[in-house]
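A.B. asks: okay, structure incoming, though there's no sequence with it:
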C-alpha cells in the first residue's frame, strides 16, 4: 500500500498549500502558486486569490448541521418506550460530554479538504465512558479492506510521532540522544535503568543545535515514530468450521521506535476495528473520497492567471507615458531636458509644440470572461453567491430567494450528508458495544433498546416553519402522536417536554381555562360514576333494565342504561359540529328560594378544548294580572 499512500500524501500536500499557503511573498502576502514565473520575474504582476478555504469551510458548516435523532424502542410497549427515552437521555448527555458536534464539524472540514477521514472509538479510563477522536492527517492512516467492495476492515495502521517526554510518560521508555561522527543527533530507546538519572529529553529544548538534515526549530527532528496497529485474529482457532462464520477478536499492537510495547487483545470491540472511515462523497470502485478542491483548483488558477495578465497590461499602460514634438521647426533629435516635468516650463522652440501620445489599449471582454469562470465554479462546487457571501441586497431582502438558493445546495450535498449521518450512527453503535462490554450492568439496557435513526435537518427557516406546521396538523388530525410531533420539530427529549407541559397546563395561574376544562370534566365523570353506582345498586328494582343485568358492575350498568336510553357518556347526540357541550349546574349561595333572589343556572360549554361560561336566570314571563269578569 505504500505507493498508493505516497501518492495520496502528495495530494494532501497539494491541498494543504491551497488551503493554507506556506509561501509568503515579499510585500505581497500569502501565495498559493509561487512556482509560476510571474512570481519571480521583476516588474511582473502576480495576483494570488486565496479563496480555496471558502470551498471547504462553507460545505463543512452546512453539512455539520445536527440531524433530528431518535432512538426507537425494540418493543412497542410502555416499558420499551421508557427504556428508549432513557437511552436517548444517555446518548445526548454523552454527546455533550465528548463534544460530538464539534468533532463532527472537524471531520467535515478534514474530509472536505483531503477527501476522507476517520474516527477512532476508544475507552476513556478517566471518564469511564467511550470517547472518539478524529484523524486530522489521513495521509498517515493505512486501511486494510477485507472485501473488494470496501465495506469491512481487516486491519488499520496509524503512524504518528511523540516527544521523548510523552514516550516516557506513556510507555516508560527512556530516549537518549546519540550523535554520529558528523555530529548529527538521533534518538535511541532503552528501558528505564535503575539509578540512571540521564533522561536526554531536555538536552536541547530550544532546538538551537543546527545539523545536517534538520532545520533549526524543526519540532519533529527529535521525535519518536509510533505505529498504532489494529488487526483481527480468530477468537478460538479450533472452532473454525467449513462454511460457517468464525468469531474474531480485535488485537492492538503498538511499536514505539524499535520497541514493541503492546500486543494485547481487546475483547470489548467484539471483533471490530475501532477506526470508522468517512469519505467526502461516493466514488464507484474506489475506497477513497474526493476533495472539494479537486475540480476547483484549475478554475481558480485560470482566474488568477487572467487577472495577473490584465493587471500587467493595465500597469504598463498607466505607468508608461509618451510625448511627441511636432511643428514646422521640430528637430529630428529631441534636445535634452525637453521632457515635461512637474512645476517646470520647457521651450520646444518656435512653431513647435509638445503633444501627448495616447497609448493603444486593446479592448477585451475581461469582466464577462471572469464571470464565466465564476459560473463554472458554481457548477462544480454548488456554492452560489448567497452561500459565498456575495448575494446582492435584493436577494438578502427576499426570504423566498434565500430559501430557493439554499435548497439548491441541499440537493447537491445529499450523498455527502447521507454518508455523514450513517457514520454518526456507526460511531454510536460501536460506542455502545464498548460501553456494554466495559460496564456489564449496561448490557441489558443496550440490548433492550432499538437503533438510532436520523432524519436530514433543514437548512432554511422556511423548512423549519413548514415542518412545524406539518407536525401541528398531523398531531391535531390524530395521525401522529405528540412525541413524534416533538421529534419532528427537533425537541431533544419529548418525554420530559410532555411532563413539563402537563405541569404547566395544570397550573391555574398560567392556564386558567385549561384547569377549568379539567375541573368540569372531572366533575362530570364523578357524576357519571355516582349515577352508575346508584343504577348498579337499584338494578334488581329497575323495571327499565333488561333481564339478566342484576349482576352487572356499576360501569356496565351505566353503559347498558345509556344504550337503552339512546345515549351515554360518548353519546354523539350531545355534540354539535366540532363542539362538545357539557352543562354544569350550581346552586346559588342563598338557595333558589331565598328572599330577593331569582334562581339561575351556571353552564359551561367546552368547544375544541376551550371553555365558555354563561349564567341563565329563570323568571316568569307576563304582564299585569287579567281583569276579573263582571257577573
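C.D. replies: Looks like it arrived, so ask away. Keep in mind that what you see is a predicted model, and the values were worked out from it rather than measured.
A.B. asks: roughly how far apart are residue 415 and residue 290?
C.D. replies: Separation of residue 415 from residue 290 (CB to CB, to the nearest Å): 11 Å. For every residue, glycine as well, the C-beta is placed using N, CA and C.
A.B. asks: what touches both of those two?
C.D. replies: residue 281 (CB atoms under 8 Å, 6 or more residues apart in numbering).
A.B. asks: so where is the stretch 451-600 of the chain shaky, pLDDT-wise?
C.D. replies: Along the stretch 451-600 of the chain, segments meeting pLDDT under 70 span 460-464, 492, 535-600.
A.B. asks: all strands of it, in order?
C.D. replies: Secondary structure of the stretch 451-600 of the chain (DSSP state E, counting those that start in this stretch): strands at 580-582, 600-607.
A.B. asks: helix or strand for residue 30, which one?
C.D. replies: Residue 30 belongs to strand 29-31 when assigned by DSSP states H and E.
A.B. asks: which strands and helices sit next to that strand?
C.D. replies: strand 23-25 (3 or more CB pairs under 8 Å, 6 or more residues apart in numbering; DSSP states H and E).
A.B. asks: the strand it packs on pairs with which strands?
C.D. replies: Strand 23-25 pairs in its sheet with strand 29-31 (antiparallel), by DSSP bridges.
A.B. asks: could I get the average pLDDT for the strand it pairs with?
C.D. replies: For strand 29-31, mean pLDDT is 87.
A.B. asks: in it, what's buried?
C.D. replies: Neighbour counts over strand 29-31 (16 or more other CB atoms under 10 Å) mark residue 31 as buried.
A.B. asks: what's in contact with it?
C.D. replies: 21, 23, 24, 25, 39, 46, 48, 50.
A.B. asks: one more pass at 7 Å, please.
C.D. replies: Among residues not part of strand 29-31, those counted as contacts by CB atoms under 7 Å, 6 or more residues apart in numbering are 21, 23, 24, 25, 39, 48, 50.
A.B. asks: buried ones among those residues?
C.D. replies: Among those, those classed as buried by 16+ other CB under 10 Å are 21, 39, 48, 50.
A.B. asks: identify those among the residues you listed that sit within strands.
C.D. replies: Using DSSP state E to define strands, no part of the buried ones among the contacts of strand 29-31 is located there.
A.B. asks: ok, the spatially closest residue to residue 66 that is not a sequence neighbour to residue 490 distance?
C.D. replies: Excluding its sequence neighbours, the residue lying closest to residue 66 (CB to CB, 6 or more residues apart in numbering) is residue 101, at 5.7 Å. The gap separating residue 101 from residue 490 is 14 Å, by CB to CB.
A.B. asks: swap in residue 93?
C.D. replies: 17 Å.
A.B. asks: neighbour count winner among those two?
C.D. replies: Taking residue 93 and residue 490 together and counting by other CB atoms under 10 Å, residue 490 has the greater number of neighbours (16 against 11).
A.B. asks: just confirm that one contacts residue 68, I think it does.
C.D. replies: Yes: using CB atoms under 7 Å, residue 490 is in contact with residue 68, at 5.7 Å.
A.B. asks: which residues does residue 459 contact?
C.D. replies: By CB under 7 Å, 6+ apart, residue 459 lies in contact with 62, 65, 406, 410.
A.B. asks: from these, pick the one nearest residue 223.
C.D. replies: Within the contacts of residue 459, proximity to residue 223 (CB to CB) peaks at residue 62, which comes in at 37.0 Å.
A.B. asks: what's around the closest one, how many residues?
C.D. replies: 19.
A.B. asks: what's the answer for residue 486, then?
C.D. replies: 21.
A.B. asks: give the contact list for it.
C.D. replies: Residue 486 makes contact with 494, 497 under the criterion CB under 7 Å, 6+ apart.
A.B. asks: so who does the closest residue to residue 483 other than its chain neighbours touch?
C.D. replies: Closest residue to residue 483 apart from its sequence neighbours, by CB to CB, 6+ apart: residue 494 at 4.3 Å. By CB under 7 Å, 6+ apart, residue 494 lies in contact with 483, 486, 487.
A.B. asks: doesn't residue 512 make contact with residue 506?
C.D. replies: No: using CB under 7 Å, residue 506 makes no contact with residue 512, being 11.0 Å away.
A.B. asks: would you verify that residue 182 is located in a strand?
C.D. replies: No: per DSSP: H, G, I helix; E, B strand; the rest coil, residue 182 lies outside any strand segment and is coil.
A.B. asks: any idea how far it is from residue 224?
C.D. replies: From residue 182 across to residue 224, the span is 21 Å (CB to CB).
A.B. asks: quick one: which of those two has more around it?
C.D. replies: Neighbour comparison, residue 182 and residue 224: the larger count goes to residue 224, with 21 against 8 (by other CB under 10 Å).
A.B. asks: for that one, give its distance to residue 284.
C.D. replies: Distance from residue 224 to residue 284, by CB to CB: 40 Å.
A.B. asks: burial count for the residue nearest to residue 67 when sequence neighbours are not counted?
C.D. replies: Closest residue in space to residue 67, ignoring its immediate chain neighbours: residue 454 at 4.2 Å, by CB to CB, 6+ apart. Number of residues near residue 454 (other CB under 10 Å) recorded here: 17.
A.B. asks: ok, and what's touching the helix or strand just after the strand holding residue 30?
C.D. replies: As assigned by DSSP H and E, the chain's next helix or strand after strand 29-31 is helix 54-63. Defining contact as CB under 7 Å, 6+ apart, one finds that helix 54-63 is touched by 19, 105, 108-109, 112-113, 292-293, 296, 381, 383, 387-388, 409, 413, 416-417, 420, 459.
A.B. asks: can you give me the strands for the stretch 101-250 of the chain?
C.D. replies: 116-124, 129-134, 141-145, 153-162, 174-179, 185-190, 224-234, 248-256.
A.B. asks: same deal with the stretch 251-400 of the chain?
C.D. replies: Under DSSP E, counting those that start in this stretch, the stretch 251-400 of the chain gives strands at 259-266, 275-279, 322-326, 353-357.
A.B. asks: just name the most buried of those strands.
C.D. replies: Ranked by mean neighbour count, those are led by strand 275-279 with a mean of 23 (mean count of other CB atoms under 10 Å).
A.B. asks: what mean pLDDT does that one have?
C.D. replies: Computed over strand 275-279, the mean pLDDT rounds to 96.
A.B. asks: strand partners (parallel or antiparallel) of it?
C.D. replies: Applying DSSP bridges, one finds strand 275-279 paired with strand 116-124 (antiparallel).
A.B. asks: run the chain-centre distance for the partner strand.
C.D. replies: 17 Å (CA atoms, centre = their mean, to the nearest Å).
A.B. asks: so, low pLDDT: which residues of the stretch 151-300 of the chain?
C.D. replies: In the stretch 151-300 of the chain, residues with pLDDT under 70: 177-180, 183-187, 189-222, 238-239.
A.B. asks: now that residue 174 has come up, it's in contact with residue 164, right?
C.D. replies: No: in this structure residue 174 lies outside contact range of residue 164 using CB under 7 Å: 8.1 Å.
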